[in-house]
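**Q** curious how this folds, go ahead:
(chains A, B and C)
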Amino acid sequence: MTAALPVLIVLTSLVPACVTFFLAQDSHRLRNGLNLSGAVLKLALIVWMLFAVAGGASYEATLPLAPGLVILLRVDALALLFISLSAALWFATTIYAIAYFGKKAELSRFFGFFSLCVAATTGLALSGSLISFFIFFELLTLSTWPLVAHKQDKPSLAAARAYLAYALPGSAALLWAIIWLESATGPVLFTDPPDLSVLEPGALRAIFALFIIGVGVKAALVPLHGWLPAAMAAPAPVSALLHAVAVVKAGAFGVVRVIYDVFGAGNVVALGVGWPLAVLASVTILWGSLRALQQDEIKKRLAYSTVSQVSYIILGAALASPLAMIGGLVHLIHQGLMKITLFFCAGIYDERAGVKKITGLNGMGRRLPWTSVCFSLGAMGMIGLPPMAGFVSKFYLGLGGLQAGAPWVLGVLAASTLLNAAYFLPLLYRLWVLPAPEDAKGDERAPGLVVPAVVTAAASLGVGLLAASPISPLSWATLIVTREYGP
Amino acid sequence: MTALYSGTFLPLGVLVWPLLVGLVAMVVWSRGALWVLPLAPVPALGFVVAGAPGSVVVPDLLLGVHLGIVPGGALLLGMTALVWTVAGMHAALTLRAGPQAAVFAGFWCVTLAGNLGVFLAGDIVTFYLAFAAVSLAAWFLVIHERTQKALAAGRQYITLAVLGEAALLVGLMIGAAAAEDLHIASVRAALVDAPLGPLGVAALVLGFGIKAGMVPLHLWLPVAHPAAPVPGSAVLSGAIVNAGLIGMMLFVPDGTGWGDVLVAAGLVGGFGAALWGLTQRNPKAVLAYSTISQMGLMLMLVGAGSAGVAYYAFHHGLAKAALFLCVGVMAAAQTPRQRGATLGLVVLVALSVAGLPLTGGGVAKLAGKQGLPDALSLVLTLSSMTTTLVLVWFVLRLAQAPAPPLAPSPLWRSLFAGAAVLGGLALVAPWAVWGHATGLPTGYPAQPANMFAGIWPLLAGLGAAALIPGQRLPEYPPGDILALLRWRGGGWSGRAGAARSAAPRRHWRRAVLRALLHVRRLETHMRPWPRAGWVLIVTALTFSGLVLWTL
Amino acid sequence: MSALVAVLTLPLVAALGVFVVPARLRVPMALASAAMITGAALALCVTVARGGPVMLMAGGWAPPIGIALRADGLAAALIIMTALVMGAVTCAAWFEASPARAGPRMAFGFWPLMLLLWGALNAVYLSRDLFNLYVGLELISLAAVALAALSGTAQAFAAALRYMIFALAGSLLYLAGVVLAYAAHGTLDIGLLTARTPAQGDALALGLMTAGLLAKTALFPFHVWLPPAHASAPAPASALLSALVPKASFLILMRLWFEAMPDLATPAALLALAVPGAAAVLWGGVLALVQKRLKLIIAYSTVAQLGYMFLVFPLAGGGGAAQPWAAGAWTGAVFHALSHGLAKAAMFLAAGIYIAAVGSDRLGDLRGLARALPMTGFAFALAAITLMGLPPSGGFTAKYLLMTSAFAAGQWPWALLLAGGGLLAAGYFYRPMVALFARDARVPLLRSIPRAWQSVPLVLAVLSIMLGLLSATPFDLLQVGRPPPASEGL
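**A** Here you go, the predicted model:
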C-alpha cells in the first residue's frame, strides 16, 4: 500500500487523461463524470495522506528506467503541500471548465491535456529524485502547450509558440544543470542531499544559476517571464490552471526543491547565491507590478500580477531563513487560491458580460455582485490586507527577511504592497463606485462558474482568517520547515 | 485539540457584532440598512459601561488573536462608541435609502469594527487588521456622495491610507522580528534596542501620523472631511483619527527621541493648522483644520509623555463630532429659531473645545498638562487662542451658510437632539470621569490659577477674532500643500502601456530568415560530385594522418 | 544458435521466394516471413540476454580459416529494432502499395528489395569479419539505391544515382582499407585483429575504412546525397533508408574503433570523428528549419540526428565512481541509434499516410490534417518528442547518458551541443506540428486511411517512447558482450 499510494494519486488524473482523449466529442456526461470523479478520488486520497504524513508516515514508489535514471515518487510534507493545492484547485477548475466550455468543440482534447497537465504536476510534486522531477517537468511543458494553443486562433498560436520558445531552452538549462551535478555526485535523491564538496564552488554557482534559469522560466522570473502575459490568449480555465495550479507553481516549487533539497539552505548561503536570487526575485516582484500597472486588459494585468506574486515564493526560499521559508511556502497555497479566484472572476466577466478591458468593469458590482465580491476579496488578498491570505505570507516573508539579515526585503514588500494597491484598487473602484454605462448588460446565472469562484474566494479568506489553526496551510508550512529543514 | 478560545467572549463580541450588523445591512435588509447603524456600537457601549471587563485569546484566528482593553483605551472606546451611535442615528435620518445606502451601511460597520478594534487589540496582527479596516473601509464613507469632488477626495484619501498601511506593516514587522513575539507591549519594548528600531519607529510614526493628521501627513484630512456626508465627517474627525493617536500611544517607545519629533510636528500642526483654517470658507473644512490643530496638540502631549492624552482625546472626540453634526443640523434648520438654537449649541461646544474653564474642554486641558514640562504647559495654554480664533471663524461661516431648501420639520428636532447629546456629554462627561481618570481632586479645576490660565487666552483669542470681520482673509482650496502643488494622481485608471513598435522585431526576424536561406544555398554548392569526392579523399587521408602522427 | 541462423537466412530465402510466387501471394508471403523473422529476432534477443553472446563458426571452422558470426547485446538490440521497423514498414507498405494504386514497379519491386535489405542488415550486425562486412555493406547499398529509385520519377533517379556514387566511393575506400589490413595481418576477423601486433599500414587502413564508412553513414559533409534520396523515395522505403541503413555503417565504425583497433584511437582522431558529428547536428538542424516539404524536414533531421552518435568516440569511457552505470556514452549512442530508428521510421510512415491522404507533403497542404487523421498526428508528435530528446522517451535516455558522460569526462562543450541540438529539433518540428494541428477547414482526403494503417506509425512511436520508459531491459541487453573500451574509453 505504501508503494501504491503515490502511483495511485498520479493515476487519478493520468487515467482520466488517457481515456478522455479517446472519448467522442459529444459524450459530455461521461467525460465530465470521469474527470470529476478522478478529481474527487484524488482529493480523498490526499486528505487521507495528509493525516498519515502529519503522523510521520511516508510513502514511496520507484520505477527504475536505466540504472541511475529512476522515477521515484515519494510523499513528503512539501509534496503534499503542493498536491493538496493542485488537487483542490483542479477540482474547482474542472467544474468551472465544464461550465465555461459547455458544449463547444474539441473538448475531449482539451480535457485530456487538462488532466494530463495535472497528472504531470502531481508527478512533479511527488518526485523524489532530480531526474524524475525533470521528467515530469517536461511532461508538464508538453501537456500545457496544447492547452495554451487551444483556441487555435492567431494570438493563441503565437502565445503557444512563445511558451515553447521559453520553456524548451529552460528545460535544456535544467537538464544541463542536473547532469552536470549528477555526473559529479551521482543521482540526486531529495531525501539524501548530495555531497557537494566534490565540485568547485565556481562550478556549483554555475550549476545553481542553471537550475534557476531552468525552473525560473516556469516561475516567470524576470527576465524569463515573457511567455506568461502572452499566454493570456488561452481560455480562462487554462489561465487559472497556468497561474494557480500547475505551471508557474511548478517553477516556484522547483526553486524550493533546488534550494532546500538539492543544495541545502546552508550551502546556498555559503556559496553566496541566495542573495542574488533574492534580489532577482525582488526585481521580479517590482517589475511585474509595474508592468501590471500599465495593462488595460484584465487578464493581462492579472498575468503580470502573477509574475510579481510568484516571486514572493522564490524570495522566501532564497532568503533561506525559517520564517521566510514558511512565508514562501505558504504563499504557494495562498497565491494559488487568490489568483485562481481572480482568474475565475475575469473569466466570468468575459463570458457573462463580454468584458475584457478594465474600462468595462464600471458598475459591475451591481450586476454581478457575487463575482465582484469574490474579485474584490482576491484583489485585497493580493494587496496583502488582513485578514486575507496574502497578508499572512507577506508578514512571514518580512519577518523572515529580517531574520535573514536582509532588511531591504521590507522595502520590497512595502513597495509591492503599494504597487499592488495601485493596480488593484482602481479595479475595485470601477466595480463598486463608478456608474455602469447605459447599455451595460450581463448577469451571473451560471452557477458552474460562480460557485467555484465563491468557494476559492472563501478559502482564501478562510486560510488567512484561521491562519494559526492547526489545519491551516500556515501550520503545514511550519511543520515542513520545522520538521524537515529545521536546525 | 486546544480550546477554541480562552477568557471571556465579550471583547470578541464587541467586534463581531458590528460586522454581523453590517452583513445584515448589506445582504439581508438593504432597504432599511441605515436603521441598523445606531445598533452597531451598542455592545461596545455596554462593554465600557461595565468597566471593560476581561480579555480573550483565540489561538486559531489569524496568528492568534488577543483581545482586551489597551491601556488608556477605555475612555477612547467609550467615546468612539458614543460618537458612532449618534452619528449612526444622524445617518439614518439624513441619508437617502437605496442600494448605495446599503453599501454605505456595510462599510460603516466595518469601519466601526476596526475603530473599536484598535482599542482592544493585544497583538500586532489584530491591531493591524483593525487599523486596516478602519482606514480602508472609511474610503466608502468619504466617497459616498459620488460627486467629482468626493471621488477626488477619495483618491487622495485611499492613496495616503494605503501608503500608511504599507509603512505600518514595515514598522510592525521590524518590531515583531526584534521581539520574536506578537504582543504589542513586547514589540514596543523591543523597538528600543533593535538595530532597525529607529527605522521601525519611523515607519510606525509615518503610518499612524497619516491617520492622526500629523503635519505634514495631514493632507488627506481637510479634503476628505468636507467631502464626506455629515455623519461620515463626524466619525472621521471625532473617532477615526484617534486610531492614529492610540497607535502612537501604544507603539512609540519612550526615550528614543521620537517624542521630540512628535512634539515638534504637534506644535506646527497645533498652531499652523488652526491659523490656516482661517483661509477656508466651507465650515466643514474649517472644522477639519481645527481637528488637525487639536490632533497636533494631542501628538505633542503624547510626545511629551503627558498622562492625560486619552482624557483630552475623549473630550475632543465628543465635541468635534458634535460640531460636525451641527453642520448637518444647521442644514436641516428651517426657522430662525432653529438656526439660533443650533448656533447656540455650536458656541457652547466651541467654547468647551477652546478650553473655557470648568467646561469639559477646560478640564481636559488641565488633565493634559499633567506630567508636562512647564514650557509645553504654557504652549497648551496659548493654543486656546488659536483654537478660539478658528472656531469663531467656524461659527461665523456656519451662521452665513445659505438657508437650506425645505425639509420635514421633525427631522431637525431629532438631529438637534443627537448633536445636543454629544455636545452635552462633551461639556459634562469629562467631569464624570475626572477623578477616576486623572486621580486629581475634584476641586482642582476650580483653583484660581487654573481658572485664569483657562480664561485669558480665550479672551485674547476672542479679541483677535473681533478683528476678523474687518479683514479680507485669503481663500485657498482645502488641502493646503496638496492643492497648492496641484498634484495629479497618475496612473490611476490604468493607462495603456506604450505599445511597443513591432517593426524592429520583425526586421530582426527577417534577417535571421535570410541567413537561413544563405545556408540552404551553401548546401547546393556542396552537392556536386567532384567536390564531394575530393572532400572524401581528404577525409580518408586526414584520419590516417591524425592516427599516424599522434599515435 | 538456430535463431541466429534463422535471422540471417530467412530474409534472404523470403526475398527469393517473393520473386517466384504468384503476384497475389506476394504480400501474404512477405507478411508471413516478416512475422517469422521478427519471431526469430525475439528469440535471439532472449537467448543473448539470458545466456550471453551467441557465437557461430561457419562450417565449424574457427577464424582465421572460417568466418565467425557473433550476436552480442549490441547486435541483438539492433536486430530487434530492425525487425520492429521492418515489421511496421511491411504493414504500411501492404496498405500503401496495393498494385492498383502504386504502379507495378512498387508493387513488385518493394518486397524482394526490402527482404534483401533486411538480410543484409542482419548480416552486417552479426559479422565478425571485415570482408564479410564489406559484402553486407554492398548488399545494403544495392538494395537501398534500388529502393530510393523505386518511385521511378526523374528526380528519384537523379537522387538514387548520386546516392550510388557516394555509396560506391565509400565502398571502394572501405575495401582499400580492408585490403591493407589483410596484407599486414593476414586476417580480417575482428577478434583476431584486436590481438594483432601493430603494423605500419594500420593507420592508413583504419583511415580509409573510416572515411568510406562516414560517406555511407552520411555524416556531414557527406550527407548531401541523403535528403534528396530519402525524400524522393516512397514513404516506406524512406523509412528504411533513414531509420536503418545508416545504422549499419555506423555499427561497423563502432566495431572498428572499439573492437578491432582501439589501440589506434588518439584524442585528435576521436575529435576528428566527433567534430563533423557536431557540425552535422547544427547543419542538419538549420537546414531542416528552412525546408518546405515534410519529408525533407524529416530527412534533414536524420542528418542532424546521425551526428549525435559520433559523439560516442570522444566521450566513451567518461564516467566515474559517481555514476551507477558504466559505459554511459557508448550505451547512450546505441540508445540513440535505437530510438532514432523507431521514431524516424514512425515519422516517415506518418508522412506516407499524409501523402496518401492529400497527395503532397508541402507544409501548406498539410494544414489541419491532424483533425482528419488524429492517430497519425499523435504518432508524429510522439516521434518528435523522442527526436527532441524530451523525457521520458528513448531519445531522452540517450541524451541523458551522453550528457552525463560529457560532464564526467570533463568535456562539457559536447553537452552544450546535445542541449542545443534538442532545441533545434524542437524548432524544426514545430512548423509541421503547427501546420498539422492548425484549425483549418477539413481537407477532402484523396482516399480514406484505414485505422489499422494509421496505427502502424503510432505503434512505432509509442515503442520509441517505451524505450525510455522501460529502458532498464534494453540497457542490460546492451551490456552483454560489451567491448572493454566502451567503459574504459578509447
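
**Q** phi, psi of the residue nearest to B:Thr8 when sequence neighbours are not counted?
**A** Among residues not flanking B:Thr8 along the chain, B:Gly54 sits closest, at 3.4 Å (C-beta to C-beta, 6 or more residues apart in numbering or on different chains). Using the backbone N, CA and C atoms, a C-beta is placed for each residue, glycine as well. As for B:Gly54, its main-chain torsions (degrees, to the nearest 10) stand at phi 80, psi 170.

**Q** helix or strand: which one has the residue in the stretch 101-250 of chain A that chain B sits nearest to?
**A** Closest approach between the stretch 101-250 of chain A and chain B, counting by C-beta to the nearest C-beta: A:Pro229, at 10.5 Å. When elements are defined using DSSP states H and E, A:Pro229 is found to belong to helix A:227-230.

**Q** now check that helix, is it near chain C?
**A** No - contact between helix A:227-230 and chain C is absent, the nearest approach being 14.4 Å (criterion: C-beta under 8 Å from any C-beta of the partner chain).

**Q** tell me the buried residues in that helix?
**A** Buried residues in helix A:227-230, counting neighbours by 16 or more other C-beta atoms under 10 Å in any protein chain shown, are found at A:227-230.

**Q** ok, residues contacting stretch A:161-172?
**A** Stretch A:161-172 has contacts (C-beta atoms under 8 Å, 6 or more residues apart in numbering or on different chains) with A:134, A:137-138, A:141, A:144-145, A:148, A:213-218, A:224, A:226-227, A:230-231, C:388, C:390, C:419-420, C:422-423, C:426, C:430, C:434.

**Q** just the buried members of those residues?
**A** Buried subset of the contacts of stretch A:161-172 (neighbour count, 16+ other C-beta under 10 Å): A:134, A:137-138, A:141, A:144-145, A:148, A:213-218, A:224, A:226-227, A:230-231, C:388, C:390, C:419-420, C:422-423, C:426, C:430, C:434.

**Q** which ones among these map onto helices?
**A** A:134, A:137-138, A:141, A:144-145, A:148, A:213-218, A:227, A:230, C:388, C:419-420, C:422-423, C:426, C:430, C:434 (DSSP state H).

**Q** quick check: closest non-adjacent residue to residue 76.
**A** I went with chain A, as the question did not name one. Once its chain neighbours are removed from consideration, A:Asp76 has its nearest residue in A:Ser58; the separation is 6.2 Å (C-beta to C-beta, 6+ apart).

**Q** the chain in question should be chain C.
**A** Per C-beta to C-beta, 6+ apart, closest to C:Ala76 is C:Val48, 4.2 Å.

**Q** checking that neighbour next. Helix, strand or coil?
**A** Under DSSP: H, G, I helix; E, B strand; the rest coil, C:Val48 falls in the helix class.

**Q** correct me if wrong: it contacts C:Gln479.
**A** No - under the criterion of C-beta atoms under 8 Å, C:Val48 is not in contact with C:Gln479, lying 10.8 Å apart.

**Q** which neighbours do the two share?
**A** Common neighbours of C:Val48 and C:Gln479, counting by C-beta under 8 Å, 6+ apart, are C:Gly73.

**Q** more neighbours, the two?
**A** Relative neighbour count places C:Val48 above the other of C:Val48 and C:Gln479, with 25 against 20, counting by other C-beta atoms under 10 Å in any protein chain shown.

**Q** list the residues that contact that one.
**A** Contacts here follow C-beta under 8 Å, 6+ apart; on that basis C:Val48 touches C:54, C:71-73, C:75-76, C:477, C:480-481.

**Q** next: C:Val135.
**A** If you count contacts by C-beta under 8 Å, 6+ apart, C:Val135 has them with C:Ala123.

**Q** and if you look at the one 5 residues further on?
**A** For C:Ile140, the set of contacting residues under the criterion of C-beta under 8 Å, 6+ apart consists of C:117, C:120-121, C:124, C:245, C:248.

**Q** after the helix or strand in which B:Arg413 is found, which helix or strand is next?
**A** Using DSSP H and E, the element containing B:Arg413 is helix B:409-432. Secondary structure here is assigned by DSSP H and E; on that basis, the next helix or strand after helix B:409-432 toward the C-terminus is helix B:434-438.

**Q** next secondary structure after that next one?
**A** Read in the C-terminal direction, the helix or strand following helix B:434-438 is helix B:448-466, with elements assigned using DSSP H and E.

**Q** what score does C:Ala268 have for pLDDT?
**A** Per-residue confidence for C:Ala268 comes out at a pLDDT of 87.

**Q** ok, it - how many residues close by?
**A** C:Ala268: 15 surrounding residues under other C-beta under 10 Å.

**Q** what residue is smack in the middle of the chain?
**A** Just so you know, I chose chain A. For chain A, the residue sitting closest to the mean C-alpha position, by C-alpha atoms, centre = their mean, is A:Lys249 at 2.6 Å.

**Q** could you do chain B instead?
**A** Most central in chain B under C-alpha atoms, centre = their mean is B:Lys211, positioned 3.2 Å from the mean C-alpha point.

**Q** the helix or strand where that one lies packs against which elements?
**A** When secondary structure is defined using DSSP H and E, the element that contains B:Lys211 is helix B:197-212. With contacts defined as 3 or more C-beta pairs under 8 Å, 6 or more residues apart in numbering or on different chains; DSSP states H and E, the secondary structure elements packing on helix B:197-212 are helix B:124-142, helix B:148-179, helix B:184-193, helix B:241-251, helix B:258-267, helix B:283-304.

**Q** could you rerun that using 6 Å?
**A** For helix B:197-212, the helices and strands in contact under the criterion 3 or more C-beta pairs under 6 Å, 6 or more residues apart in numbering or on different chains; DSSP states H and E are helix B:148-179, helix B:184-193, helix B:241-251.

**Q** for that helix, report the contacting residues that lie outside it.
**A** The set of residues that contact helix B:197-212 without belonging to it, under C-beta atoms under 6 Å, 6 or more residues apart in numbering or on different chains, is B:160, B:164, B:167-168, B:170-171, B:174-175, B:191, B:217, B:241, B:243-245, B:247-248, B:251, B:258, B:295.

**Q** count the neighbours of C:Leu10 for me.
**A** Using other C-beta under 10 Å, C:Leu10 is surrounded by 23 other residues.

**Q** what's the answer for C:Ile252, then?
**A** Residues near C:Ile252, counting by other C-beta under 10 Å: 27.

**Q** I figured it was touching C:Leu133, is that so?
**A** Yes - distance between C:Ile252 and C:Leu133: 5.4 Å, which falls inside the contact criterion (C-beta atoms under 6 Å).

**Q** residue numbers of the stretch 351-487 of chain A in contact with chain B?
**A** Near chain B, the residues belonging to the stretch 351-487 of chain A are A:358, A:385-387, A:398-399, A:402, A:407, A:410, A:414, A:417-418, A:421, A:426, A:466-469 when assessed by C-beta under 6 Å from any C-beta of the partner chain.

**Q** show me these that map onto helices.
**A** A:398-399, A:402, A:410, A:414, A:417-418, A:421, A:426.

**Q** host element of whichever residue of the stretch 1-150 of chain C sits closest to chain A?
**A** Each residue of the stretch 1-150 of chain C has a distance to chain A, by C-beta to the nearest C-beta, and the smallest belongs to C:Ala77, at 13.3 Å. Mapping C:Ala77 onto the secondary structure by DSSP H and E places it in helix C:73-96.

**Q** and that helix, what does it pack onto?
**A** Applying 3+ C-beta pairs under 6 Å, 6+ apart, one finds that helix C:73-96 contacts helix C:23-51, helix C:104-126, helix C:235-243, helix C:328-358, helix C:451-469, helix C:472-478.

**Q** go again with 10 Å.
**A** For helix C:73-96, the helices and strands in contact under the criterion 3 or more C-beta pairs under 10 Å, 6 or more residues apart in numbering or on different chains; DSSP states H and E are helix C:2-20, helix C:23-51, helix C:104-126, helix C:235-243, helix C:245-254, helix C:328-358, helix C:451-469, helix C:472-478.
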